[in-house]
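Enquirer: okay, here's the prediction I keep looking at, along with the sequence it came from:
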Amino acid sequence: MHRPGRRQLLRAGTVGAGTLGVGVAAIGLDRALRDPAASATPAGQSGPTLHGEETIPFHGVHQAGIETPPPASATFLALDLHRGVDREGIVRMLRLLTDDAARLTQGRAALADTEPELAERPSRLTVTAGFGPGLMECAGREAPRWLAPLPAFSIDALEDHFTGGDLLLQVAAEDPLTVSHAARMLLKDVRAFAGVRWVQRGFRRAQGTLAPGTTMRNLFGQLDGSANPQPGSEHFAKVVWIDDGPFAGGTSMVLRRIRMDLDGWDEVDRIAREKSTGTSLDDGAPLSGGTETSPADFEAVSDNGFAVIPEFAHMRRANGVDEGEHQEIYRRPYNYDVPPPADSTALSESGQLFVAFQADLTGQYVPIQQRLADLDLLNQWTTPIGSAVFAIPPGCAEGEYLGQAVLA
């Protein structure tokens, strides 16, 4: 009888061991499927966090969605009131919106929700409402003087379908499915009172991608919002919240749709890109040195005598150093990327939904925007194509509706 050689025995042993391993693994998998407790996290050890279960309180002194951390996905809805809708109709609409927004943000289905399962994962959902001049007029209430279209800037190429609106709804969450469902539920609430004027959707990095508090990057690769006041601070409150009148506890909001010429930006070298902003692309530090949050030295000059941060740099223009003035706003922008028009040769139709909050729109935002319009090298690659201004009423307590302090 032929006896197997040593090499054959070793090969057989290896195959046998591999088969045994597969068998044991299969038994283990089968056991885990039959008995979930067998694969559960051991007692005393925490399992992975389900971000979908996280909530942000809806009721409060201020509306959520401003000072709260910006989530990954946002939809901005502008609505125009139907003809004949008066203050009574506006109040009914806001009561419906408030009730359903309070439910959805806490992971509970809206009253008329036909897909309640989609509401079970709120994913830090926030709903923020804003009033345009048309709503205030229909409600018979005096609007703040600044609640009007922005002045015409030389760089604007505004398109009507991204401009204006009587009512704004900002719907934002970490999960785009949550945002989509919530937006549809809220649109169902208002359809007897208002119709959609425009919809704009934006995105940021997903939750957990970067450490909390990290400044976002726009599609030019720039850190965007480095000079923001710190949420939760007294400084933030001074910059953002209105402190008197019916909108006390609220703020003003500017939303500008900025088209970005990414194809043209591709042709610009890194040095020129950094000169256009006055900051390092790597870490957002001013070109005069330091870190992202270091004060810029606008007096610094290079060895050849030129300003390190040029006169046309975005940072310099925004700061107003050459005009001897300085204003602040709170930026909460989102990126957008949609298919280019059929007749376009561009690779994409991309840009930013520039969102800014400030207590005094006329005294804070407008001077900054005017300086940027007058002399900002970034204007060579950016074009504002949409613009809207809204008054954000304060938050509400349980049993109240959003805007009650304004419309009462």
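Expert: Now that the structure is in, tell me what you want to look at. Numbers count the residues shown, from 1 in each chain.
Enquirer: now the phi/psi pair for F236, please.
Expert: phi -60, psi -50 (degrees, to the nearest 10).
Enquirer: neighbours of the closest residue in space to it that isn't next to it in sequence, how many?
Expert: Excluding the flanking residues, the one nearest F236 by CB to CB, 6 or more residues apart in numbering is P229, at 4.2 Å. In this view, the C-beta of every residue, glycine as well, is placed from N, C-alpha and C. Neighbour count of P229, defined by other CB atoms under 10 Å: 18.
Enquirer: you'd agree P229 is up against W241?
Expert: No. Counting by CB atoms under 8 Å, P229 sits too far from W241 to count as a contact (11.0 Å).
Enquirer: how about the secondary structure of V389?
Expert: strand (DSSP: H, G, I helix; E, B strand; the rest coil).
Enquirer: and what of T214?
Expert: Under three-state DSSP, T214 falls in the coil class.
Enquirer: any idea of the pLDDT on it?
Expert: At T214, the model reports a pLDDT of 94.
Enquirer: and it, backbone torsions?
Expert: phi -70, psi 130.
Enquirer: repeat for R217
Expert: Dihedral angles for R217 - degrees, to the nearest 10 - are phi -110, psi 140.
Enquirer: burial of it, as a residue count?
Expert: 17.
Enquirer: leaving out the residues flanking it, which one is nearest to it?
Expert: Leaving aside its chain neighbours, R217 sits nearest to L223 (5.9 Å; criterion: CB to CB, 6+ apart).
Enquirer: show me the strands in the chain, by range?
Expert: Ranges of strands in the chain, per DSSP state E, are 73-81, 126-131, 167-173, 194-203, 251-260, 330-331, 334-338, 349-358, 382-392.
Enquirer: let's have the ones you listed in JSON lines, adding distance to A211.
Expert: Output for those, formatted as JSON lines (distance: least, CB to CB, whole Å):
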{"stretch": "strand 73-81", "distance to A211": "19"}
{"stretch": "strand 126-131", "distance to A211": "21"}
{"stretch": "strand 167-173", "distance to A211": "20"}
{"stretch": "strand 194-203", "distance to A211": "19"}
{"stretch": "strand 251-260", "distance to A211": "26"}
{"stretch": "strand 330-331", "distance to A211": "19"}
{"stretch": "strand 334-338", "distance to A211": "19"}
{"stretch": "strand 349-358", "distance to A211": "22"}
{"stretch": "strand 382-392", "distance to A211": "28"}
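Enquirer: quick one: closest of these to H161.
Expert: Among these, the nearest to H161 by CB to CB is strand 194-203 (5.4 Å).
Enquirer: need the contact partners of that closest one.
Expert: Contact with strand 194-203 is made by 72-82, 85, 93, 161-167, 176, 187, 255, 257, 333-337, 352-353, 386, as judged by CB atoms under 8 Å, 6 or more residues apart in numbering.
Enquirer: what are the ranges of the helices in the chain?
Expert: In the chain, the segments counted as helices under DSSP state H are 6-34, 87-105, 133-138, 176-190, 234-240, 262-265, 270-277, 314-319, 366-374, 404-407.
Enquirer: considering these, which stretch scores lowest in mean pLDDT?
Expert: Among those, helix 6-34 carries the lowest mean pLDDT (a mean of 42).
Enquirer: thinking again about what came up before, are any of the contacts of strand 194-203 buried, and which?
Expert: Among the contacts of strand 194-203, those buried by neighbour count (16 or more other CB atoms under 10 Å) are 72-81, 85, 93, 162-167, 176, 187, 255, 257, 333-336, 352-353, 386.
Enquirer: low-confidence ranges in the chain?
Expert: Within the chain, the stretches with pLDDT under 70 are 1-48.
Enquirer: find the residue at the geometric middle of it.
Expert: Centroid-nearest residue in the chain: Y334, 4.5 Å away (criterion: CA atoms, centre = their mean).
Enquirer: look up which residues are beta-bridged to the residue lying closest to that one once chain neighbours are set aside.
Expert: Among residues not flanking Y334 along the chain, G202 sits closest, at 2.6 Å (CB to CB, 6+ apart). Taking DSSP bridges, one obtains A74 as the residues bridged to G202.
Enquirer: now G202: how far from G89?
Expert: Distance, G202 to G89, by CB to CB, to the nearest Å: 30 Å.
Enquirer: could you check how far S123 is from A72?
Expert: With the distance defined as CB to CB, S123 ends up 9 Å from A72.
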